[in-house]
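Q: sequence plus predicted model, see below.
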Amino acid sequence: MKQIASNIYVSTEYPGVNVGLIAMPRGTIAVDVPALPNDARDWRRQILETTGGPILYLVLTNGHPDRLLSAEVLGAPIVAARAAYERASAYTEGFWRGVIDGWSRRHPEAADELAGTSIKMPEIMLTSSLTLHKGGMDVTVEHVEGDSPGSAWLFLSDQKVLFIGDTLVVNNHPFMAEAPDTQAWLKTLRTLRRSRFSGVTIVPGRGPLCDQSATRPLSEYIALARRRMRSLRRSEPARPDTTSVVAEMLPLFPVSEDEDDLIQRRIKAGLDRIYEELGKD
């Protein structure tokens, strides 16, 4: 855990998801939660040791399965965008089995615990923004156009800290498969390059802490994907073969050998989504 501003701490050490906390006069707001149960318990312990508790809310920056898998461990009401709740509620039992199997393959030591995971859905929802008053300090959660229908961020302007979730990932291939509008996502990233966010410490969904300059590689990545899919749509009106585009995009961010297949599937799913999106233009 690292303190990055007055009463704000983050950890980028857990696999898959960055997490943070905002220590308030009468409790703590947790931002996202580690995916693995043991990591979630460790994060809860660190929160309570650092702030004394209680954990008032757990705010999710999207409804990605990684963020819901161990959310119940923190024992706090879950806050998320309504679209994140709706998306997560639509996941089938078979889908969750696939998510758990995937994490179990990558972390076999956690397989038994993952098998008994109980998924907890968000309880407090927002459509545009929501201000949390409990705790002696106002914290506003805002819906933004990003990687998923339920993308949200927390901008603490006084401390110059932005928790942005997977709307920005650093040195990671983004999740594009559920992006409702990649053009709108690009607009959000351009907004982050304005003077309002100059000098702001950004906590991305995955990867190291950064500033607004880290938005450029992701913008270029999404724009490239859109160009390639637009070209394929013109030349291949039927479902295209994206093999060459996946190969082109794979080296743009570092990929470990054991995740090569996973990331290739992630890229392909994102390209398919963009191809579908461009067909609506």
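A: Looks like it came in fine.
Q: what's opposite Val203 in the beta bridge?
A: With DSSP bridges as the criterion, Val203 is bridged to Phe163.
Q: show me what contacts it?
A: Neighbouring residues of Val203 by C-beta atoms under 8 Å, 6 or more residues apart in numbering: Ile4, Val10, Asn18, Gly20, Val31, Val161, Leu162, Phe163, Ile164, Leu209. In this view, the C-beta of every residue, glycine as well, is placed from N, C-alpha and C.
Q: how close does the last one get to Ile8?
A: By that I understand Leu209. Applying C-beta to C-beta, to the nearest Å, the value for Leu209 to Ile8 is 11 Å.
Q: who has more neighbours, the two?
A: Ile8 (22 against 16; other C-beta atoms under 10 Å).
Q: per-residue pLDDT, that one?
A: According to the prediction, Ile8 has pLDDT 96.
Q: that one and Thr215, how far apart?
A: 21 Å.
Q: mind jotting down where the strands sit in the stretch 151-281 of the chain?
A: Using DSSP state E, counting those that start in this stretch, the strands found in the stretch 151-281 of the chain span residues 152-156, 161-169, 201-206.
Q: hey, C-alpha coordinates of the longest one in PDB?
A: Extracted in PDB, the C-alpha atoms of strand 161-169 (Å, rounded to 0.1, in the frame of the first residue of the first chain):
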ATOM      1  CA  VAL A 161      -6.200  12.300  -7.500                       C
ATOM      2  CA  LEU A 162      -8.400  10.500 -10.000                       C
ATOM      3  CA  PHE A 163      -9.500   6.900  -9.700                       C
ATOM      4  CA  ILE A 164     -10.500   6.000 -13.200                       C
ATOM      5  CA  GLY A 165     -10.800   2.200 -13.500                       C
ATOM      6  CA  ASP A 166     -10.300   0.500 -16.800                       C
ATOM      7  CA  THR A 167     -11.200   3.600 -18.800                       C
ATOM      8  CA  LEU A 168      -7.400   4.000 -18.600                       C
ATOM      9  CA  VAL A 169      -5.000   1.100 -18.300                       C
END
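Q: and that strand, what other elements does it pack with?
A: Contact partners of strand 161-169 among helices and strands, from 3 or more C-beta pairs under 8 Å, 6 or more residues apart in numbering; DSSP states H and E: strand 152-156, helix 182-191, strand 201-206, helix 215-235.
Q: for Leu168, find the nearest of these.
A: Judged by C-beta to C-beta, the one of those that comes nearest to Leu168 is strand 201-206, at 4.5 Å.
Q: so what's the gap between that closest one and the chain middle?
A: 9 Å (C-alpha atoms, centre = their mean, to the nearest Å).
Q: may I see the buried residues of that strand?
A: By neighbour count on 16 or more other C-beta atoms under 10 Å, the buried set for strand 201-206 is Thr201, Ile202, Val203, Pro204, Gly205, Arg206.
Q: as a markdown table, the residues you listed with pLDDT and distance to Leu69 would be great.
A: Output for the buried residues of strand 201-206, formatted as a markdown table (pLDDT from 0 to 100; distance: C-beta to C-beta, whole Å):
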| residue | pLDDT | distance to Leu69 |
| --- | --- | --- |
| Thr201 | 98 | 27 |
| Ile202 | 98 | 24 |
| Val203 | 98 | 20 |
| Pro204 | 98 | 19 |
| Gly205 | 97 | 15 |
| Arg206 | 96 | 15 |
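Q: output these in JSON lines, with distance to Thr140 appended to each entry.
A: Formatted as JSON lines, these follow (distance: C-beta to C-beta, whole Å):
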{"residue": "Thr201", "distance to Thr140": "17"}
{"residue": "Ile202", "distance to Thr140": "17"}
{"residue": "Val203", "distance to Thr140": "16"}
{"residue": "Pro204", "distance to Thr140": "19"}
{"residue": "Gly205", "distance to Thr140": "19"}
{"residue": "Arg206", "distance to Thr140": "23"}
